[in-house]
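[1] Have a look at this fold, sequence not included:
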């Protein structure tokens, strides 16, 4: 069974994040020839990324790779290996947006699987990759995530 | 020095192997008259005019534009500040340029916009155009873009400042007529702007042939530009194969 990528995720008893389709957001629903999508947010705002990901459907049969950028937490004194700390550092709403993105991208697809490339900034303590993993638990569990280290 | 028994195809092949070594190519040029043509093809493949002095040297060395090695140039880079807009014959020699780069730094002047008009359609085979300005001049830039009927790839980089018009004098410059064969924009579009994307995208979206890019690389900084990003993606939906959107932050 193939589900459309239009679900919302609930987390920690918070209400589902509202979908915000409209002329101001990136709508990929008609771009069915897409092979490669990179949606990179250097800051914590990933709402536009999530909104764009929601428009990817099973009709995107050529889509092979989606790339995202994990938030850079190098200036905070958090334990990047601790999901709770990461959630506190990036904020509740961005964290939920990440989890929904993860949920959308981790869905099994009938025709083919999409590789997920996650760019992250390396921190000297080496925990940033675990930060990226904690933001994308489902996709990481499915083994479809390729982590790419961006040297600061 | 040339060996009369050496077939020209072999000679061409040898010179082609040296295409990225200008020092050796210059020596080849001096070795034999029969070597000159092939070596010139590589020596003059990429030409850059960053200063008036360099452009003046070119014009002095090659006063006849139709018999100059500009014929071999496929990549031309010019700075509007280097161009004397009153003496423009030299441009006509560059009729085989495929890639054009225009780089502007500092304050916009009438000369900047006037140089655009001089370059309108100067090479009918241009396929890619890169516009790199610290402050992007609204006046004339799109007339320049639309003057190349085979243009496929477009890059626009402006590092800071808003999209503004040039000096007040620019209003007195002659304007161009609507191109008969506007480009179809079927290649890639790379846009990097710190703000004011609306002015670029509105002109691009209203181009007579529409836009049909297969690859979009869009870097934006402000929420206010979200509609522009969305409009570009929407307009290219049918042809788009690769999309990269980066919401950048200052200082990264």
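    Good, I have the coordinates. What you see is a predicted model, and the numbers here were worked out from it, not measured in a lab.
[2] Shouldn't residue B:101 be within a helix?
    No: in this structure, residue B:101 is strand, not part of a helix, as judged by DSSP: H, G, I helix; E, B strand; the rest coil.
[3] from memory it sits against residue B:130, does it?
    Yes: using CB atoms under 8 Å, residue B:101 makes contact with residue B:130 at a distance of 4.4 Å. To be clear about C-beta, it is placed using only N, CA and C from the backbone, and glycine gets the same treatment.
[4] residue in the stretch 51-200 of chain B nearest to chain A?
    Shortest the stretch 51-200 of chain B-to-chain A distance, computed as CB to the nearest CB: residue-wise this is residue B:198, at 11.9 Å.
[5] I'd like to know how many residues surround that residue.
    15 (other CB atoms under 10 Å in any protein chain shown).
[6] Then the one 4 residues further on?
    Residue B:202 has 11 neighbours, counted by other CB under 10 Å.
[7] on that earlier part again, could you look up the SS state of the residue lying closest to the residue of the stretch 51-200 of chain B closest to chain A once chain neighbours are set aside?
    Leaving aside its chain neighbours, residue B:198 sits nearest to residue B:228 (5.4 Å; criterion: CB to CB, 6 or more residues apart in numbering or on different chains). Following three-state DSSP, we place residue B:228 in the helix state.
[8] Could you measure from the residue nearest the centre of chain A over to chain B?
    Chain A has residue A:101 as the residue nearest its centroid, 4.1 Å off, counting by CA atoms, centre = their mean. Distance, residue A:101 to chain B, by CB to the nearest CB, to the nearest Å: 14 Å.
[9] The stretch 151-252 of chain B against chain A: which residues are in contact?
    B:226-227, B:229-231, B:233-234, B:236-249, B:252 (CB under 8 Å from any CB of the partner chain).
[10] Give me the buried entries from the residues you listed.
    B:226-227, B:229-231, B:233-234, B:236, B:239-248 (16 or more other CB atoms under 10 Å in any protein chain shown).
[11] interface residues of chain A facing chain B?
    A:23-28, A:30-31, A:33-43, A:45, A:48, A:52, A:62, A:67, A:69, A:72.
[12] List the ones among those residues that fall in helices.
    Mapping the residues of chain A next to chain B onto helices (DSSP state H) picks out A:48, A:52.
[13] what about residue B:64, neighbour count?
    9.
[14] my guess is residue B:58 meets residue B:50, correct?
    No: taking CB under 8 Å as the definition, residue B:58 is not a contact partner of residue B:50, at 11.8 Å.
[15] which other residues reach stretch B:241-252?
    A:26, A:28, A:31, A:33-43, A:45, A:48, A:52, A:62, A:67, A:69, A:72, B:194, B:214-221, B:229, B:233 (CB atoms under 8 Å, 6 or more residues apart in numbering or on different chains).
[16] Show the residue spans covered by the strands in chain A.
    Ranges of strands within chain A are A:36-41, A:65-69, A:115-121, A:145-150, based on DSSP state E.
[17] Output these as a markdown table; include the columns mean pLDDT and mean neighbour count.
    Below are the strands of chain A laid out as a markdown table (pLDDT from 0 to 100; neighbours: other CB atoms under 10 Å in any protein chain shown):
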| stretch | mean pLDDT | mean neighbour count |
| --- | --- | --- |
| strand A:36-41 | 95 | 20 |
| strand A:65-69 | 94 | 21 |
| strand A:115-121 | 88 | 19 |
| strand A:145-150 | 85 | 15 |
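[18] right, so of those strands, which gets closest to residue B:62?
    strand A:36-41 (44.1 Å; CB to CB).
[19] Who are the packing partners of the closest one?
    helix A:47-53, strand A:65-69, strand B:242-247 (3 or more CB pairs under 8 Å, 6 or more residues apart in numbering or on different chains; DSSP states H and E).
[20] Could you dump those into CSV with distance to residue B:66 added?
    As requested, the helices and strands packed on strand A:36-41 are arranged in CSV below (distance: least, CB to CB, whole Å):
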stretch, distance to residue B:66
helix A:47-53, 52
strand A:65-69, 49
strand B:242-247, 41
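[21] Mind checking those for the one nearest to residue B:7?
    strand B:242-247 (42.9 Å).
[22] Give me the sheet partners of that closest one and which way each runs.
    strand A:36-41 (parallel), strand B:215-220 (parallel) (DSSP bridges).
[23] Turn these into JSON lines, including distance to residue B:24.
    Below are the strands paired with strand B:242-247 laid out as JSON lines (distance: least, CB to CB, whole Å):
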{"stretch": "strand A:36-41", "distance to residue B:24": "39"}
{"stretch": "strand B:215-220", "distance to residue B:24": "36"}
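[24] so residue B:13 sits in a helix?
    Yes: using three-state DSSP, the assignment for residue B:13 is a helix.
[25] Let me know the pLDDT of it.
    On the pLDDT scale, residue B:13 is placed at 93.
[26] And for the one 3 residues further on?
    With respect to pLDDT, residue B:16 scores 93.
[27] mind listing what it touches?
    Here residue B:16 is in contact with B:38, B:42 (CB under 8 Å, 6+ apart).
[28] got the end-to-end distance for stretch A:133-145?
    Start-to-end span of stretch A:133-145 (CA to CA, to the nearest Å) is 8 Å.
[29] Distance from the chain centre to that stretch, please.
    Distance of stretch A:133-145 from its chain centroid, counting by CA atoms, centre = their mean, to the nearest Å, is 9 Å.
[30] If you count neighbours, what's buried in it?
    Residues of stretch A:133-145 classed as buried under the neighbour-count rule (16+ other CB under 10 Å) are A:133, A:134, A:135, A:136, A:137, A:138, A:139, A:140, A:142, A:144, A:145.
[31] Lowest-confidence entry in these?
    residue A:133 (77).
[32] From residue A:145, how far out is that one?
    7 Å (CB to CB, to the nearest Å).
[33] With residue B:43 instead?
    From residue B:43 to residue A:145 the distance is 49 Å (CB to CB).
[34] now residue A:89
    20 Å.
[35] What strand or helix carries residue B:154?
    According to DSSP states H and E, residue B:154 maps onto strand B:153-158.
[36] unless I'm mixing things up, residue B:155 is touching residue B:103, no?
    No: shown here, residue B:155 and residue B:103 do not form a contact pair, counting by CB under 8 Å, at 11.5 Å.
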